[in-house]
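Asker: Sequence first, predicted model second:
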Amino acid sequence: AQSVSQHNHHVILSEAASLELGCNYSYGGTVNLFWYVQYPGQHLQLLLKYFSGDPLVKGIKGFEAEFIKSKFSFNLRKPSVQWSDTAEYFCAVNRRTGGSYIPTFGRGTSLIVHP
Amino acid sequence: KAGVTQTPRYLIKTRGQQVTLSCSPISGHRSVSWYQQTPGQGLQFLFEYFSETQRNKGNFPGRFSGRQFSNSRSEMNVSTLELGDSALYLCASSSGQGSPYEQYFGPGTRLTVT
């Protein structure tokens, strides 16, 4: 069965620290990759996505992620975090099946940034 | 453009009862997916409806069912509620066709089963 692993369940950082959240998936076929963020009290929203092309993708609020096909990874990075980045982050993989896609989410990483 | 709306936002039910949750997608979106979010399991995919047909299904028991109407609004039903069904139920809408589609999530319905 397809799975998505987020290795860091809880991350605590100080402002201006660098962030890297790991995401690995187990499916070997065609996949599309996403990072979603859920700020406290808000809806889940898309941070960035990878469909094809340049494996380094940039998203909103200074986040970026790199797709490394050989490692089945799609790690999220930000060079300098802010207090407002405190949120829950979810990696998701859409596996193509027929004409549609089946999504699988990781269990999420809770990020707390101290001012 | 209005976002995805879900009703009700909070619900308390007793074991053995059934519940129906509603989701209105973004105007023009034909795909509605449902997820169960719990602290231990994260987001788990329940099913997806596209043009009134269930297109994909996750690994949940038959107590969980859904439907989609001609206006793309969707309902999810859980019968014979169990304590373990307590969760945040999220609905997501998307165009559902063409290139891999982005999903737009609603605020969720918090279901508590006592």
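Answerer: Looks like it arrived, so ask away.

Asker: just for the chain, where's the confidence low?
Answerer: Assuming you mean chain A. Along chain A, segments meeting pLDDT under 70 span A:1-2.

Asker: should've been chain B
Answerer: Using pLDDT under 70, chain B drops low at B:1, B:98-100.

Asker: can you pull out the strands in it?
Answerer: Along chain B, counting by DSSP state E, strands occupy B:5-7, B:10-13, B:19-24, B:31-38, B:42-50, B:53-57, B:64-68, B:74-78, B:87-94, B:104-105, B:109-113.

Asker: for chain A, same thing?
Answerer: In chain A, strands defined by DSSP E lie at A:4-5, A:10-14, A:19-21, A:24-25, A:31-38, A:44-50, A:56-58, A:64-68, A:73-78, A:87-97, A:100-105, A:109-114, listed in chain order.

Asker: winner for burial among the ones you listed?
Answerer: Mean neighbours per residue, mean count of other CB atoms under 10 Å in any protein chain shown, is largest over the strands of chain A for strand A:31-38, with a mean of 22. In short, each C-beta sits where N, CA and C put it, glycine included.

Asker: what's residue A:56 in contact with, if anything?
Answerer: By CB atoms under 8 Å, 6 or more residues apart in numbering or on different chains, the contact list for residue A:56 reads A:64-67.

Asker: and which of those residues is nearest chain B?
Answerer: Nearest to chain B out of the contacts of residue A:56 is residue A:67 (CB to the nearest CB; 13.5 Å).

Asker: May I have the phi/psi pair for the residue in chain A sticking out farthest from the centre?
Answerer: When distances are taken from the C-alpha mean of chain A, residue A:98 lies farthest, 24.9 Å away, according to CA atoms, centre = their mean. Dihedral pair for residue A:98: phi 60, psi -130, per degrees, to the nearest 10.

Asker: Next one: it relative to chain B, how far apart?
Answerer: Look at residue A:98 and chain B: by CB to the nearest CB, to the nearest Å, they are 9 Å apart.

Asker: Against residue B:107, how distant is that residue?
Answerer: For residue A:98, the distance to residue B:107 (CB to CB, to the nearest Å) stands at 31 Å.

Asker: can I get the strands of chain B in CSV with mean neighbour count and distance to residue A:50?
Answerer: Output for the strands of chain B, formatted as CSV (neighbours: other CB atoms under 10 Å in any protein chain shown; distance: least, CB to CB, whole Å):
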stretch, mean neighbour count, distance to residue A:50
strand B:5-7, 16, 28
strand B:10-13, 13, 35
strand B:19-24, 19, 27
strand B:31-38, 23, 20
strand B:42-50, 22, 19
strand B:53-57, 14, 21
strand B:64-68, 19, 29
strand B:74-78, 21, 28
strand B:87-94, 24, 17
strand B:104-105, 22, 18
strand B:109-113, 17, 30
